[in-house]
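J.: kindly return the folded structure for what I paste below:
(2 chains)
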Amino acid sequence: MTDLTRLTIAEARDALAKKAFSALELTDAYLAAIDAANAKFNAYVAVTPDRARAMAKASDARFAAGKSGALEGIPLGIKDLYATEGVHTQACSHVLDGFKPPYESTVTANLWADGAVMLGKLNMDEFAMGSSNETSYYGPVVSPWRANGSNAQLVPGGSSGGSAAAVSAFLCAGATATDTGGSIRQPAAFTGTVGIKPTYGRCSRWGIVAFASSLDQAGPIARDVRDAAILLKSMASTDAKDTTSVDLAVPDYEAAVGKSVKGMTIGIPREYRVDGMPDEIEALWKQGIDWLKAAGATIVDISLPHTKYALPAYYIVAPAEASSNLARYDGVRYGLRVPGKDIVEMYENSRAAGFGREVKRRILIGTYVLSAGYYDAYYVKAQKVRTLIKRDFELAFAAGVDAILTPATPSAAFGIADEDMANDPVKMYLNDIFTVTVNMAGLPGMAVPAGLDGRGLPLGLQLIGRPFGEEALFTLASVIEQAAGRFAPEKWW
Amino acid sequence: MSVDLKTVKRVAHLARLAVSEADAVRMQGELNAILGFVEQLDEVDIAGVEPMTSVTPMAMKKRIDAVTDGGIADRIVANAPATMVNFFLVPKVVE
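T.: Numbering: from 1, shown residues only, chains lettered A, B, ... in the order given. All right, here's what the predicted structure looks like:
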């Protein structure tokens, strides 16, 4: 029998429907793969084999009864940021030590309602703060990708590093992820996978541990464009529990895959041509433009003049919201408690022991920019700049642009424990330079693999859409995928 | 704008984070690096620009004013480090 873990979600779905194998066999194949290889990647922080098998058996029963859902029997990995009832949910932080929520996030509940199977919880940067998955309390994730002729361990990107590594190493058929400044798209680009951050409001944030509430969005990481479309269709919904959830029917994203791009207008923003950008990224971008042009799209140069201010504005807005959201971790209601001589010292000790270095850094920045006397100089100014960033996009869309093409990241994956990054937080932050604008404007953004660099490492392109223009992104991404092909790491594990 | 050590300690206390002297010194350097980075926002002309309050132009949805959940005190305290008969236990607050 072929290796079932190599099938895409679409392929597995069709084979399951034809009863070529059972949902339990598919789940067992993934559990065996996790058992054999997870120690090498550290992608899962909790594996739930009993629950997975019980869910798979229930799927087989629904297949037998002719009542199968859209994701029936498909084994998925879930980022540790999502609340999963009775199962490890810690945002990969020590401060949530032992936390097992008595409730289920809306997005995962949607997936289970469609028949999906949970394999376990995936590693991530602590509270989704990081671009390399090295800030996790559970240690870094190792990418299944290696440079040609090298054994050096590379990062899978972050914060959804466990999701990206598990998908590209065939340890799940697809994964949930979240994106606050690039946390779906950067790891997808680093691992040759497809990741989409939908428009703000498309997926419910209820039951997802909050980082920066005005920027956070859920989305999938998948092996190909079609699988990402299938997953997003199930994840997205209108939810009364999230007041920012939008009242808009969820389209059939899969139907957009493979459609013609003739007549579509693609903007190429000149501000994304940054100083010091490697020639390979420049060439990849040019290649992407040529592919879309050859497929019938019209290419226009556009200007998004406030692009360079998105990252500094983000490093005010996101920490400010984080410092507020993370105030709830006080050692009283859940998680870690470290005693002190009084209640204030107990708070301070619990939080000092529970949060890692990057999280503390952001809490401090956020507290500072929100503190008396600095609020206008930092936070209000950053929110004004954010208005300008969004306006740049609105003007481009008003001029007839359907979507925007940019590189996804300024480089390919770097090494674990990279010294430059470790010594300079701002250098790590620059990973998100092409992705963070999209969160600031609340738009949909998608990373699609487009090639390999000279060392054999994946590089991705990013497509940015109009608000709720996800279907156009799936159509355009499938053109790039058709032209570029798909990329999988050579198996060394 | 750069912060001194005293400010770092004051902000850490506001954020309820215990910091050692060595932590505070390290954090001062990191904070100043980030504050230096965001200084470039001073170049932007923001005269007459409204600060963003909602990324999507929509009125916040309101729920009907009704009790839809409750009677789950045991589940609410289930993850607490210390409880007594469905109350959270904390060190003495009032002398």
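
J.: can you map out the strands along the stretch 101-250 of chain A?
T.: With DSSP state E, counting those that start in this stretch as the definition, the stretch 101-250 of chain A shows strands at residue ranges A:117-122, A:174-179, A:194-197, A:217-222.

J.: now the first one: average pLDDT?
T.: With pLDDT averaged residue by residue, strand A:117-122 scores 98.

J.: next one: the third one
T.: Within the predicted structure, the mean pLDDT of strand A:194-197 is 98.

J.: was I right to think residue A:346 contacts residue A:352?
T.: No - the pair residue A:346 / residue A:352 is not scored as a contact, 10.8 Å apart, by Cβ atoms under 8 Å. Using the backbone N, CA and C atoms, a C-beta is placed for each residue, glycine as well.

J.: what sits against residue A:274?
T.: For residue A:274, the set of contacting residues under the criterion of Cβ atoms under 8 Å, 6 or more residues apart in numbering or on different chains consists of A:410, A:433.

J.: which intervals of the chain have sub-threshold pLDDT?
T.: No chain specified, so I'll use chain A. In the predicted model, chain A carries pLDDT under 70 at residues A:1.

J.: was after chain B, sorry
T.: Segments of chain B classed as low confidence (criterion: pLDDT under 70) are B:1.

J.: ranges for the strands of it?
T.: With DSSP state E as the criterion, chain B has strands at B:83-84, B:87-88.

J.: so how far does stretch A:374-386 reach from one end to the other?
T.: Between the opening and closing residues of stretch A:374-386 lies a distance of 18 Å (Cα to Cα, to the nearest Å).

J.: element containing residue A:10, please.
T.: helix A:9-17 (DSSP states H and E).

J.: now do that helix: everything it contacts.
T.: Residues external to helix A:9-17 that are found in contact with it (Cβ under 8 Å, 6+ apart): A:4, A:7, A:21-23, A:26, A:63, A:68, A:71-74, A:173-174, A:222-224, A:226-227, A:230-231.

J.: between whatever helix or strand comes next after that helix and strand A:117-122, how many degrees?
T.: Moving toward the C-terminus from helix A:9-17, the next helix or strand (DSSP H and E) is helix A:23-41. With axes from the mean of the first three to the mean of the last three Cα atoms, to 10 degrees defining the directions, helix A:23-41 sits at 10 degrees from strand A:117-122.

J.: helices or strands up against helix A:23-41?
T.: helix A:9-17, strand A:44-47, helix A:49-64, strand A:75-79, strand A:117-122 (3 or more Cβ pairs under 8 Å, 6 or more residues apart in numbering or on different chains; DSSP states H and E).

J.: tell me, how many residues neighbour residue A:3?
T.: Residue neighbour count, defined by other Cβ atoms under 10 Å in any protein chain shown, stands at 9 for residue A:3.

J.: and it, what does it touch?
T.: Contacts were defined as Cβ under 8 Å, 6+ apart; by that measure residue A:3 touches A:29, A:170.

J.: counting neighbours, which bits of the helix holding residue A:10 end up buried?
T.: For helix A:9-17, the buried set under the neighbour-count rule, 16 or more other Cβ atoms under 10 Å in any protein chain shown, comprises A:9, A:10, A:11, A:12, A:13, A:15, A:16.

J.: any chance you could list what contacts the helix ranked longest in chain B?
T.: If each helix of chain B is counted by residues according to DSSP state H, the longest one is helix B:21-38. With contacts defined as Cβ under 8 Å, 6+ apart, helix B:21-38 is touched by A:312-313, A:315-316, A:360-361, A:364-365, A:368, A:378, A:382, A:424-426, A:429, B:1-5, B:8-9, B:12, B:19.

J.: filter those to the buried ones?
T.: Burial of the contacts of helix B:21-38 was assessed by neighbour count (16+ other Cβ under 10 Å); the buried members are A:312-313, A:315-316, A:360-361, A:364-365, A:368, A:378, A:382, A:425-426, A:429, B:3, B:8-9, B:12, B:19.

J.: which residue is nearest the centroid of the chain?
T.: Looking at chain A here, since you left the chain open. Geometric centre of chain A, nearest residue: residue A:184, 2.0 Å, by Cα atoms, centre = their mean.

J.: my question was about chain B, not that one.
T.: residue B:15 (7.0 Å).

J.: how about the contacts made by that residue?
T.: Residues in contact with residue B:15, defined by Cβ under 8 Å, 6+ apart, are A:323, A:351, A:363, A:364, A:366, A:367.

J.: isn't the second one up against residue B:19?
T.: No - applying Cβ under 8 Å as the test, residue A:351 and residue B:19 come out as separate, 10.4 Å apart.

J.: before we move on, the earlier item: pick the most deeply packed of the strands of the stretch 101-250 of chain A.
T.: Greatest average neighbour count among the strands of the stretch 101-250 of chain A goes to strand A:194-197 (a mean of 34), per mean count of other Cβ atoms under 10 Å in any protein chain shown.

J.: so of the contacts of helix B:21-38, which ones are in helices?
T.: Filtering the contacts of helix B:21-38 for membership in helices, criterion DSSP H, returns A:312-313, A:315-316, A:360-361, A:364-365, A:368, A:382, A:425-426, A:429, B:5, B:8-9, B:12.

J.: please list the residues of the stretch 201-350 of chain A that sit near chain B.
T.: When proximity is defined as Cβ under 8 Å from any Cβ of the partner chain, the stretch 201-350 of chain A approaches chain B at A:201, A:214-215, A:240, A:243-247, A:306, A:308-309, A:312-313, A:315-316, A:323, A:327, A:330-337, A:339-349.

J.: what's the helix or strand for the nearest residue to residue A:401 once chain neighbours are set aside?
T.: The shortest distance from residue A:401 to any residue that is not its chain neighbour, by Cβ to Cβ, 6 or more residues apart in numbering or on different chains, is 3.9 Å, and that residue is residue A:267. Taking DSSP H and E as the criterion, the element that holds residue A:267 is strand A:265-269.

J.: list buried residues within the contacts of residue B:15.
T.: Neighbour-count burial (16+ other Cβ under 10 Å) applied to the contacts of residue B:15 gives A:323, A:351, A:363, A:364, A:366, A:367.

J.: next up, the contacts around residue 60.
T.: Picked chain A for this. If you count contacts by Cβ under 8 Å, 6+ apart, residue A:60 has them with A:22, A:23, A:24, A:73.

J.: ah, I was thinking of chain B
T.: By Cβ under 8 Å, 6+ apart, the residues touching residue B:60 are A:243, A:244, B:54.
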